[in-house]
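# the amino acid sequence is not available; the structure is as follows:
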C-alpha cells in the first residue's frame, strides 16, 4: 500500500474520531512528538559531524598546527590548496588510490556476479555456503590487515606457499616488493568484499520474475541472450548500488591497508587517507591536512553525485 | 516479496549444471576460508611452529599463544626459575619451559573490555535515538524530510581521518580525549546514520492502521508508539543493534587517533602484540581469534538481515 493511501486512511480515521479521543491526541501534538523524536539525532549529528566539518573548512585556510596550540594562527587564504593541487606527491597518492579503487571494483564485480549466478542455480546446501562466503566482509578491516601480514610472509607464509605449489615463482614478497604491494592490498580487499557484491547481485537475481525467462524460452532465446537481455538489465541497478557503496568505502580506505603495508614500500600503497593521516597526525600540518580532507570530501561527494545520476537513469 | 518462488528463476537448471555450480561455489567458499582457518590454527601453535617452513598443517597444539596474549613475561636465568620452586599452575609451567616468568597480566583484557563497553554503550545510544528519529521520519510530516535523511546519510561519506582532525581538537578542549564517553558519543554519531535508515525501513513496514486503532481505543500518540509500534519493531531493532555493535567493534581509525591508553579498544592493540617480544605470531593469532569469533557468530545469526544492513536498508529482499 502506498504512503498516500495510508495518509488518506489516517485522515479519514481522524475525521471519524470522537471529540474525547481528539482531545487526547492533542495532549502532545504530532508536530511536538515529531520534533521531540528527531531533534536529538539532528543535534548529535550537528555537534559531531557538521560543526567539525565547518571547522575543518576554516582550518584549511590557516597555517594551524595542532601540536603547537600556543602558536599564532594565521589566515593564509588558499595557499594550502595551491600547494596540494600543485604537488606531484599528492598526484601519486591519488593514483595509488585510483589503482586500488578500479582493480578492487573490477575483480569484485566479476567474481561476485559469477558467484551470485552460480548460487542462484539453487543447489542443495547453497544457503549454508552463502553464509560461509559472507563471513569475511563482517570482520574488522584493521585486524584482517594485521593477520594477512602473517599470511603474506615471503618465506614462511601460507600465501606464497600455496601459490608455489601451483606455479614455481619462488618466495613472494607481497608486502615488501614495489611491484607486488599494490596487488597485495587489492587481493585482500577482494577476499574481504567480493561477498558484498555477490549478496547484492543475489538480491537482484531474486527480483527477476520467472515469467520473463519462460517468455524467452518460448521465443527460443539461448542462454547468452537470456543473460544479456533479461538478467543483466535487471541486476544492473543492484550491481551499481553495490559499486557505489563499496566505491565510497574504498576511496576512503585506511584501516586495512595501514595495518597491511602502512603505505609502503616507499609510498607505493600510500592511499589518500593514509597520507592524510601522516600529514595530520605525524607531521601535524593541521591546516594543510584539513585542505586535503576538504578536497577528498568534495571528490567523493562529486563522484558519488554523478554516479547516482547515472544510477537513476539505469533504473528508469 | 516472494523470494522463495523466484529463487530458482534462471530457467530450469539441469542436474549437471547444478553440480558444476555447487562444485565452484563450495570450492570458492573453502579457499576463502583458508585464511581464517589458518589464523585459528596458528593460535594453537608454538612460536617455532608458526614460522616453520614448509608451513605446518599438522602440529602439536599448545596454549602458549593464548597464555602469551593475556600475560606479560620476562626472561630469567635457570637458577632464578629453580629458586621459585615448582610452578603453581599449568600456565606457569608452560611459560617456564621457555625460560620465562609471568610478571603480570597483559593489557589485552583491558582493551577487550573497552571494546565491549564502548561497543554496547554506543549501540544502545544509537539504537535509542535512531528508533525515535526513524519513527518521527516514518510517521510525521517533517519539513525538508528528504534533505534531512540525505544529510544523515552523507555524514558517512567523510573519510574518518578528515572527521578525526576536528574531533581531536574538540575533544582536547572538552577533555574527552582518550575517554570511553568520548568514543561512545563518536561511535553513536557515526552509527546513527545507519540506525535511522535501517529502522525507518522497519517502521515503514508496520501498517499505520494499528496505531490509528490504538488511538481510537483511547491511547495517546505516545502510548501508541511504545505499546503498539515498539513491540512490533523488536526484531528490526535487534538486527540494527547487531549491525551497530559490529561497526563499533570493528572500528579502527578513530580508536587509533583519539585514544592512547585508557579508552583504547582492541583493534589498534592487536597489531602492537607483534612488537612485544619479537614476532609472537601465535599470540597475535590468538588475539585475532578471540576478537573475530563473536562477529562470526553474529554474522551467522544475522544472515537473513545482512543484505538490509549493508545497504542501509536500501534493499530489503
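Okay, I see it. A quick note: this is a predicted structure, and the numbers were derived from the prediction, not measured. Residues are numbered from 1 along each chain as shown, chains lettered A, B, ... in the order given.
# how about the residue nearest to residue A:176 when sequence neighbours are not counted, phi and psi?
In space, and not counting its chain neighbours, residue A:176 is closest to residue A:265: 5.8 Å by C-beta to C-beta, 6 or more residues apart in numbering or on different chains. For glycine as for every other residue, the C-beta is placed from the backbone atoms N, C-alpha and C. Here is the backbone geometry of residue A:265 (degrees, to the nearest 10): phi -70, psi 150.
# just residue B:74 next, same as before
Dihedral angles (degrees, to the nearest 10) for residue B:74: phi -130, psi 150.
# neighbours of the closest residue to it other than its chain neighbours, how many?
Counting by C-beta to C-beta, 6+ apart, residue B:74 lies nearest to residue B:103, which is 5.1 Å off, once chain neighbours are set aside. Residue B:103: 12 surrounding residues under other C-beta atoms under 10 Å in any protein chain shown.
# can you pull the contacts of residue B:103?
B:71, B:72, B:73, B:74 (C-beta atoms under 8 Å, 6 or more residues apart in numbering or on different chains).
# residues contacting residue B:52?
residue A:156.
# that one looks like it's in a helix, true?
No: under DSSP: H, G, I helix; E, B strand; the rest coil, residue B:52 sits outside any helix and is assigned coil.
# for it, give its distance to residue A:152.
Noted for residue B:52: a distance of 16 Å to residue A:152, by C-beta to C-beta, to the nearest Å.
# could you do residue B:259 as well?
If you measure residue B:259 against residue A:152 using C-beta to C-beta, the figure is 28 Å.
# coming back round to it: out of the contacts of residue B:103, which sit inside strands?
Among these, the ones falling in strands (DSSP state E) are B:71, B:72, B:73, B:74.
# the second one reaches residue B:104, doesn't it?
Okay, so that is residue B:72. Yes: counting by C-beta atoms under 8 Å, residue B:72 touches residue B:104, with 5.3 Å between them.
# all the helices of the stretch 201-317 of chain B, residue numbers only.
Ranges of helices in the stretch 201-317 of chain B, per DSSP state H, counting those that start in this stretch, are B:208-216, B:221-224, B:230-232, B:234-250, B:253-258, B:266-275, B:281-301, B:306-310.
# and the third one, how far out from the chain middle?
Taking the mean C-alpha point of helix B:230-232 and that of its whole chain, the gap between them comes to 25 Å (C-alpha atoms, centre = their mean, to the nearest Å).
# quick check, that helix touching chain A?
No: shown here: helix B:230-232 not in contact with chain A (C-beta under 8 Å from any C-beta of the partner chain), separated by at least 12.3 Å.
# now swap in the last one and tell me
Yes: applying C-beta under 8 Å from any C-beta, one finds helix B:306-310 in contact with chain A at B:306, B:307, B:310.
# and what of the first one?
Yes: legend: contact between helix B:208-216 and chain A by C-beta under 8 Å from any C-beta is shown at B:208, B:209, B:212, B:215, B:216.
# restricted to buried residues, select those residues in PyMOL.
Selecting the buried subset of the residues of helix B:208-216 next to chain A in PyMOL, with 16 or more other C-beta atoms under 10 Å in any protein chain shown as the burial test, is done by:
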select buried, chain B and resi 208+212+215
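# any of the ones in strands among the contacts of residue B:103 buried? List them.
The neighbour-count test (16+ other C-beta under 10 Å) applied to these identifies B:71, B:73 as buried.
# ok, of the ones in strands among the contacts of residue B:103, which one's closest to residue A:292?
Closest approach to residue A:292 among those (C-beta to C-beta): residue B:72, at 39.3 Å.
# contacts only, for whichever residue of the stretch 151-300 of chain A sits closest to chain B.
Among the residues of the stretch 151-300 of chain A, residue A:293 lies closest to chain B, at 3.4 Å counting by C-beta to the nearest C-beta. With contact taken as C-beta under 8 Å, 6+ apart, residue A:293 is in contact with A:56, A:60, A:276, A:280, B:159, B:161, B:162, B:165.
# kindly recompute the last result at 6 Å.
Applying C-beta atoms under 6 Å, 6 or more residues apart in numbering or on different chains, we find residue A:293 in contact with A:56, B:162.
# can you pull the buried residues of the helix or strand in which residue A:83 is found?
In the assignment (DSSP states H and E), residue A:83 maps to helix A:79-86. For helix A:79-86, the neighbour count (16+ other C-beta under 10 Å) marks A:79, A:80, A:81, A:84 as buried.
# now swap in stretch B:195-213 and tell me
Neighbour-count burial for stretch B:195-213 [16+ other C-beta under 10 Å]: B:195-204, B:206, B:208, B:211-212.
# next: stretch A:249-264.
For stretch A:249-264, by 16+ other C-beta under 10 Å, it's A:249-263.
# what about the residue nearest to residue A:253 when sequence neighbours are not counted, neighbour count?
Nearest non-adjacent residue to residue A:253, counting by C-beta to C-beta, 6+ apart: residue A:271, 5.5 Å away. Applying other C-beta under 10 Å, we find 27 residues neighbouring residue A:271.
# ok, residue A:271 touching residue A:97?
Yes: counting by C-beta atoms under 6 Å, residue A:271 touches residue A:97, with 4.7 Å between them.
# walking through chain B, point out its strands one by one.
Using DSSP E, the strands of chain B run over B:71-75, B:100-105.
# what are the phi and psi values for the residue nearest the centre of chain A?
Against the mean C-alpha coordinate of chain A, by C-alpha atoms, centre = their mean, the closest residue is residue A:249 at 2.5 Å. Torsion angles at residue A:249 (phi, psi; degrees, to the nearest 10) stand at phi -60, psi -40.
# sorry, back to before: what pLDDT does the residue nearest to residue A:176 get?
Looking at residue A:265, its pLDDT is 89.
# same check, this time on residue B:153
Per the predicted model, pLDDT is 78 at residue B:153.
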